[in-house]
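Undergrad: my questions concern the predicted model and sequence given below.
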Amino acid sequence: MIRTHFHALTLALLTSASAMAMAANDGQARVSELLSSDPEYRQTWSGVVKKEERLPDWVINLSGTSEQMNAVTEDGDKYLVGPLCETQDTCLNKRLIVAFSLDKSHAYAMLVEVPAGLPADKSPTRHADYRFLGKPDEGMQGLLKEQLKKDPNWY
């Protein structure tokens, strides 16, 4: 009898731990994990950055701090879109918004740089430099800008 209760308790604990692990990893992709997760992402991103000059390593390698990506639609096509920052501390000053087509054949990005030390009363929007990668059309540029506007610290 005690053994049966022990097995039931063990099963309950394992089920609970499994559910928590699934909640922590909900299947969402992060920009910083894409290149290591699939060679198709690597190949597509290499094509985007190979002809670009003076890109920081964190942009070339998509390494840094990132949040979960979201599926969005632009002109009938679906994309996985998300932000990437060099570090959490420099996110307001240096960030990349990345969009990959769901079939992994196209990638676009917007590198946003704001001067370091910008006073808090100055709008980062008005002082930012925007650099587009992957030759996005106007619709894609708008999508990337809209993703940036979702940040509550961006005004």
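TA: Here it is on my side, so go on.

Undergrad: for residue 81, name its beta-bridge partners.
TA: Here residue 81 sits in beta bridges with residue 70, residue 99, as judged by DSSP bridges.

Undergrad: residue contacts, it?
TA: Neighbouring residues of residue 81 by CB atoms under 8 Å, 6 or more residues apart in numbering: 69, 70, 71, 72, 97, 98, 99, 100, 143, 144, 147. Every residue, glycine included, has its C-beta placed from N, CA and C.

Undergrad: what residue is smack in the middle of this protein?
TA: When CA atoms, centre = their mean is applied to the chain, the residue found nearest the centroid is residue 82 (3.1 Å).

Undergrad: quick one: that residue and residue 70 touch, right?
TA: Yes - contact between residue 82 and residue 70 holds when scored by CB atoms under 8 Å: they sit 6.6 Å apart.

Undergrad: what's stretch 142-149 in contact with?
TA: The contact list for stretch 142-149 (CB under 8 Å, 6+ apart) reads 72, 74, 79, 81-83, 95, 97, 99, 108-110, 112, 130, 132, 136, 154.
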